[in-house]
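>>> Build me a model from this:
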Amino acid sequence: MSALTVAQFRSAVWKFVSSQVVSLVPNDRVIWMDQGSPRPKLSYIGLKVMAGPRAYGGDDMRQTAPGVYAIEGQRALTVSVNIFGKDAEEISALITNAISKPTALESLAADSVAILTNTAPQNVSVPLETKFENRIQFDIDFGCVMATTDDVGFIEQTGILNTTSGEQTEIG
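I've put the predicted structure just below:
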């Protein structure tokens with residue numbers, strides 16, 4: 001797997017979800033809920049990264065230049081999937097069924113993302129004015145590899161100072 005940025009991760013998740021529901025939800029109605037945009041027309045899907053990236057397993061750290069390290073490791077991110085509209089249950093079934101479809105998993109793997117676990121969909125419908133708005137919510141834990149670098153610096157020369165005599169001895 002190659003290392004991803006958070007933006008690349010979000011793009012891969014959006015692509016996965018939108019490709020599974022295209023028969024019931026147009027692509028422009030699969031949104032990230034933290035965009036500050038108005039709600040789309042029903043039915044729509046709102047995605048939100050609820051947790052992560054969090055490390056699991058050990059990171060791989062390699063020195064790439066004097067004093068510079070590349071750190072790479074497995075990360076988990078939890079995405080909340082919120083489905084709004086009369087077809088919420090059917091849309092939810094399309095997504096949760098895709099979690100075990102080889103073609104869907106291969107598509108995610110091509111984007112360097114894997115599914116780790118998911119919660120059961122729950123009906124969280126709410127009353128709005130005079131009727132109920134149908135809503136389904138569940139979480140999916142995704143895994144990917146993320147990387148960073150750390151420039152710890154490089155000491156080229158050091159010495160010892162004799163505080164009694166004031167003489168300095170260089171080392172290295």
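>>> List the buried residues for stretch 86-95?
Of the residues in stretch 86-95, those buried under the neighbour-count criterion (16 or more other CB atoms under 10 Å) are Asp87, Ala88, Ile91, Ser92, Leu94, Ile95. Glycine gets a C-beta too; all of them are placed from N, C-alpha and C.
>>> Chain neighbours aside, what residue packs nearest to the last one?
Leaving out its chain neighbours, the residue that sits closest to Ile95 by CB to CB, 6 or more residues apart in numbering is Gln20, at 5.3 Å.
>>> For the one you found, the count of nearby residues, please.
Residues lying near Gln20 (other CB atoms under 10 Å) number 22.
>>> Would you verify that it is located in a helix?
Yes. Counting by DSSP: H, G, I helix; E, B strand; the rest coil, Gln20 is located in a helix.
>>> Going by distance to Arg135, which of the buried residues of stretch 86-95 wins?
Using CB to CB, the shortest approach to Arg135 within the buried residues of stretch 86-95 belongs to Ala88, at 6.1 Å.
>>> and the host helix or strand of Leu47, how far out from the chain's middle?
Leu47 is part of strand 44-55 when elements are defined by DSSP states H and E. Centroid separation for strand 44-55 versus its chain: 6 Å, with CA atoms, centre = their mean, to the nearest Å.
>>> Dump the C-alpha coordinates for that strand into PDB.
The C-alpha trace of strand 44-55 is given here as PDB (Å, rounded to 0.1, in the frame of the first residue of the first chain):
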ATOM      1  CA  TYR A  44     -28.800  12.000   0.200                       C
ATOM      2  CA  ILE A  45     -25.800  10.600   2.100                       C
ATOM      3  CA  GLY A  46     -23.700  12.600   4.500                       C
ATOM      4  CA  LEU A  47     -20.200  11.300   5.400                       C
ATOM      5  CA  LYS A  48     -18.100  12.500   8.300                       C
ATOM      6  CA  VAL A  49     -14.700  11.400   9.600                       C
ATOM      7  CA  MET A  50     -15.600  10.800  13.300                       C
ATOM      8  CA  ALA A  51     -12.200   9.500  14.600                       C
ATOM      9  CA  GLY A  52      -8.700   9.200  13.300                       C
ATOM     10  CA  PRO A  53      -6.300   8.900  11.900                       C
ATOM     11  CA  ARG A  54      -5.200   6.700  14.800                       C
ATOM     12  CA  ALA A  55      -2.100   4.500  14.700                       C
END
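>>> For Thr64, give me its contacts.
Ala70, Thr149 (CB atoms under 8 Å, 6 or more residues apart in numbering).
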